[in-house]
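Engineer: have a look; sequence and predicted model below, questions after that.
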Amino acid sequence: MLLNQFLLLGAVLFCIGVYGVLVRRNGVMVLMSIELILNAVNINLVAFGTHLQQATGQAFALFVIPIAAAEVAVGLAIVLMIYRNRRSIDVDSLDEMKG
Amino acid sequence: MPEAVLLGGEQTTTAVEWVVFIIAATTTLLGSFGVIMARNPVHAALSLVGSLFSVAVLFLNQGAEFLAAVQVIVYTGAIVILILFVLMLLGIDTEEDLEDEPLRGQMPVAVGIGVLLTASVFALTQLVGFDVVTGTPEVTAAIRDDMPNINQIGRLLFTDFVVATQLAGVMLTVAVVGAVVMARRPREYQPIPEPESMDAPLSLDPTDQGADNGAEVAD
Amino acid sequence: MSLLVTGSAIVAQQGDPLLFDVDLTAVGIVVGKVLVIFAFLLVATMFMVWFERKLISDMQNRIGPNLAGPFGILQTLADGIKFFFKEDLIPDRAQRRVFILAPFLSFVPAFLLFVVIPFGGDFNDGNAGVVTIFGRETFLQVADPPIGVLFILAMSSLAVYGAMLAGWSSGSKYPLLGSVRQSAQMISYEAAMGLAIIAVVVKTGSLSTHDIVVTQAGEGLGGILPNWGVLLTLGVPFVIFVIAATAELNRPPFDLVEAEQELVGGFHTEYSSIRFALFFLAEFMNTVTMSAIFVTLFLGGPAGPVLFGPGWLWGIIWFALKVFVFLFMFVWFRATLPRLRYDQLMDLGWKVLIPLSLGWILLLVALDLAQDQNWNLFAVGIGAAVVFFCAAMLLRAAVRSGQATRHTLEVPD
């Protein structure tokens, strides 16, 4: 079974996701990058699960997916609120709270 | 039993597995690069679909067919559709200028560090060999060959992880209620955030929002 | 696909016997089945286009297409040729690549869906639909993954992208409105559809389409009635599935995505020539595929009595007949039902179908449990009815109070 290759892929995907979260300013794009991160986690979980020959890894990954769904639902609601208040979803411009 | 034993049995890697892995991994990475590089959010969402779909193929490759199906149903069927819906509803599918950085020099530094980290991981695998992770598979709670993996996952979810399953349900409920409450219009209705005319948020071109409105009304 | 099938066959120790020992003959048989499916779907789609036009014109006291071929049956072919030679326009403000890609995205899932549909074979006397081709035992079904039902759901969720992206990439406002409607409608009705399917899965105990058909081919209640999904699940999931599937297909009365009076042509307003033809064909192909899913899940698929001759042929005949019933039903809907308003559509999906299907699953499981534990079925039924009534009243009260607060929020202008 392939294991290290999957872990490597997961690591790279995670890094790409983090880069997206940090660099993109469109709120929706940030959410999409978070999805990439969660998927990197899932790849690792499944790979380890297969390596250890346990279904536990897949069961864990199954918990990550609803979390991703909940995160997107709440995140998009937040984006909607931001858009209503500011007519823009540039997350970098949300800096009223800074001292 | 042939070599392609997906779960359990001999830990061998078949040629098919390799080919599928290489193709799916490549498309996963291409898709994820598309997500962070695309200037248009809708193109980025499409790349995300490609990436997530390839991850589903990778799951199949690992014998997690149930997870692969769930991945496709939840991600491409619900999450990305929801994202596209919000993009289209708000009309925020405008192109983003990636050259304009809030922090000067942030991007080259990020790319540099990223490449460095990836290179170091690769170097590690070169030094130690590709099999960094070792370890003996658990024998006691091994995945059973006589049961499809859906049954095994189901059994786990409703025995060992039953609390976690119910918590996931509670979390989803809370998320749904929260999203609905947040997306509701405020109690004191203020018309400020509303667009001036109906077509403003639907405009695809960011530059013509102001100018176009007047023309449309005149029509 | 092939990997998926191989894996399933081995892990589950069941599935298509053809794939336990793969050699050149097996590959040849699989390729043959794929070709047969492809040809069948294309022919069925062409037939469906003609059938719909002819039947609607009958229902409206018109003659309908009658010039091309006998009974106008070649009309679709003539239209196709005409479409092919029309000028192909791409609007200036269109997103070119997505615009070109979109028709294929709505076309491909329709084909892929058919892969898991059992379309023939003899299911009588514990035969389980196994047929022998060139000395190899196999199912009349391209693939039998252990997650066949989930595969159906996955593919039908992919089919949304075609219409959505077509509308968005046209760079024009009516198609965009069509797309926004489409995405909201899909998300709402897919949940109800999934829950209706789960009811069947709970009763048949398998996610494999083949196993579902095998279960339904078994002896039914009292030995007279068939053991079909529609009876197993006591009818309601079937009705929910009919409504949700019609909404998924964007067929009348749920065709708000392409409501002519409101949105010009809906998502495909800007499409012309062969690209439009692809959308047109995809819509009809999806109808055929959805009918096949109906038959597989609720009407026992190809299972049916063998009157004379080879059993596998009767499987195909029963399958075709049952699919035909649903095709007729869809056309009938279109000819008779007026289109819903958009808020009615959303209300129906969220406030009626989803709660009802959820409650029904609970009811089915409760009845199963009662049977297992030897409880009094009658008492359980009464209890379930009381719970149902209370839940419905609660839901109604909640919806009422929601409407009341919404009215106070509305601005008088």
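Structural biologist: Received it, and whenever you're ready, just let me know what you need.

Engineer: is it true that residue C:281 touches residue C:106?
Structural biologist: No - counting by CB atoms under 8 Å, residue C:281 sits too far from residue C:106 to count as a contact (9.5 Å). Backbone N, C-alpha and C define where each C-beta goes, glycine included.

Engineer: quick one, phi psi at residue C:234?
Structural biologist: phi 60, psi 30 (degrees, to the nearest 10).

Engineer: indicate the residue of chain A located nearest to chain B.
Structural biologist: Chain A approaches chain B most closely through residue A:70 (3.4 Å), counting by CB to the nearest CB.

Engineer: how close does that residue get to chain C?
Structural biologist: 15 Å (CB to the nearest CB, to the nearest Å).

Engineer: centre of the chain to the helix or strand harbouring that residue, how far?
Structural biologist: Assigning secondary structure by DSSP states H and E places residue A:70 in helix A:56-86. Put simply, helix A:56-86 sits 9 Å off its chain's centre (CA atoms, centre = their mean, to the nearest Å).

Engineer: which other helices and strands does that helix contact?
Structural biologist: helix A:27-51, helix B:65-71, helix B:80-90, helix B:149-158, helix B:162-183 (3 or more CB pairs under 8 Å, 6 or more residues apart in numbering or on different chains; DSSP states H and E).

Engineer: that helix to helix B:162-183, inter-axis angle?
Structural biologist: Relative orientation of helix A:56-86 versus helix B:162-183 (axes from the mean of the first three to the mean of the last three CA atoms, to 10 degrees): 10 degrees.

Engineer: and the strands in the stretch 51-200 of chain C, which stretches?
Structural biologist: Per DSSP state E, counting those that start in this stretch, the stretch 51-200 of chain C carries strands over the ranges C:130-133, C:136-139.

Engineer: of those, flag the one that's most buried.
Structural biologist: Looking across the strands of the stretch 51-200 of chain C with neighbours counted as mean count of other CB atoms under 10 Å in any protein chain shown, the highest average goes to strand C:136-139: a mean of 18.

Engineer: and that strand, which strands flank it?
Structural biologist: strand C:130-133 (antiparallel) (DSSP bridges).

Engineer: apart from its neighbours in sequence, what residue is nearest residue C:275?
Structural biologist: Using CB to CB, 6 or more residues apart in numbering or on different chains and skipping the chain neighbours, the partner closest in space to residue C:275 is residue C:103 (5.0 Å).

Engineer: now the one you found: how far from chain B?
Structural biologist: Counting by CB to the nearest CB - residue C:103 and chain B are separated by 15 Å.

Engineer: count of residues packed around that residue?
Structural biologist: For residue C:103, the neighbour count with other CB atoms under 10 Å in any protein chain shown is 24.

Engineer: likewise for residue B:115?
Structural biologist: Residue B:115, neighbours per other CB under 10 Å, totals 11.

Engineer: give me the element it is part of.
Structural biologist: Going by DSSP H and E, residue B:115 is part of helix B:106-128.

Engineer: which pLDDT value does the model give residue 85?
Structural biologist: You didn't say which chain, so I picked chain A. Looking at residue A:85, its pLDDT is 77.

Engineer: actually chain B
Structural biologist: 85.

Engineer: list the contacts of it.
Structural biologist: Residue B:85 sits next to C:180, C:183-184, C:187 when contact means CB atoms under 8 Å, 6 or more residues apart in numbering or on different chains.

Engineer: rerun that using 10 Å as the cut-off
Structural biologist: A:76, C:164, C:179-184, C:186-187 (CB atoms under 10 Å, 6 or more residues apart in numbering or on different chains).

Engineer: quick one: low-confidence ranges for the chain?
Structural biologist: Picked chain A for this. Within chain A, the stretches with pLDDT under 70 are A:1, A:97-99.

Engineer: correction: the question concerned chain C.
Structural biologist: C:1-21, C:125-127, C:129, C:135, C:221-223, C:407-413.

Engineer: do that again at 50, thanks
Structural biologist: Chain C contains residues with pLDDT under 50 at C:1-13, C:413.

Engineer: on that earlier part again, check whether the helix holding residue B:115 comes near chain A.
Structural biologist: Yes - using CB under 10 Å from any CB of the partner chain, helix B:106-128 reaches chain A at B:106-107, B:110-111, B:113-115, B:117-118, B:121-122, B:124-125, B:128.

Engineer: can you give me the buried ones in that helix?
Structural biologist: By 16 or more other CB atoms under 10 Å in any protein chain shown, the buried positions in helix B:106-128 come out as B:110, B:121, B:125.

Engineer: can those go into a markdown table with extra columns for distance to residue C:310 and pLDDT?
Structural biologist: A markdown table is the format used below for the buried residues of helix B:106-128 (distance: CB to CB, whole Å; pLDDT from 0 to 100):
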| residue | distance to residue C:310 | pLDDT |
| --- | --- | --- |
| B:110 | 67 | 77 |
| B:121 | 60 | 76 |
| B:125 | 58 | 71 |
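
Engineer: and of those, the nearest to residue A:63?
Structural biologist: For those, the residue nearest residue A:63 by CB to CB is residue B:121; the value is 26.8 Å.

Engineer: centroid residue for chain A?
Structural biologist: residue A:34 (2.2 Å; CA atoms, centre = their mean).

Engineer: from chain C, how far out is that residue?
Structural biologist: 20 Å.

Engineer: residue contacts, that residue?
Structural biologist: By CB under 10 Å, 6+ apart, the neighbours of residue A:34 are A:17-18, A:20-21, A:68, A:71-72, A:75.

Engineer: distance of the nearest residue to residue C:198 once chain neighbours are set aside relative to residue C:339?
Structural biologist: Leaving aside its sequence neighbours, residue C:198 sits nearest to residue C:361 (CB to CB, 6+ apart; 6.0 Å). In this view, residue C:361 and residue C:339 are 30 Å apart by CB to CB, to the nearest Å.

Engineer: the more surrounded of those two?
Structural biologist: Between residue C:361 and residue C:339, counted using other CB under 10 Å, the more crowded position is residue C:361 (20 against 16).

Engineer: does that one lie in a helix or a strand, and which?
Structural biologist: Going by DSSP H and E, residue C:361 is part of helix C:354-373.

Engineer: that helix: what's the following helix or strand?
Structural biologist: helix C:377-409.

Engineer: run through the neighbouring helices and strands of that following helix.
Structural biologist: helix C:354-373 (3 or more CB pairs under 10 Å, 6 or more residues apart in numbering or on different chains; DSSP states H and E).

Engineer: before we move on, back to that, list the residues that contact the residue nearest to residue C:198.
Structural biologist: C:195-196, C:198-199, C:201-203, C:233, C:236-237.

Engineer: will you turn those residues into JSON lines that also has neighbour count?
Structural biologist: JSON lines is the format used below for those (neighbours: other CB atoms under 10 Å in any protein chain shown):
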{"residue": "C:195", "neighbour count": "22"}
{"residue": "C:196", "neighbour count": "28"}
{"residue": "C:198", "neighbour count": "20"}
{"residue": "C:199", "neighbour count": "27"}
{"residue": "C:201", "neighbour count": "19"}
{"residue": "C:202", "neighbour count": "15"}
{"residue": "C:203", "neighbour count": "22"}
{"residue": "C:233", "neighbour count": "26"}
{"residue": "C:236", "neighbour count": "18"}
{"residue": "C:237", "neighbour count": "30"}
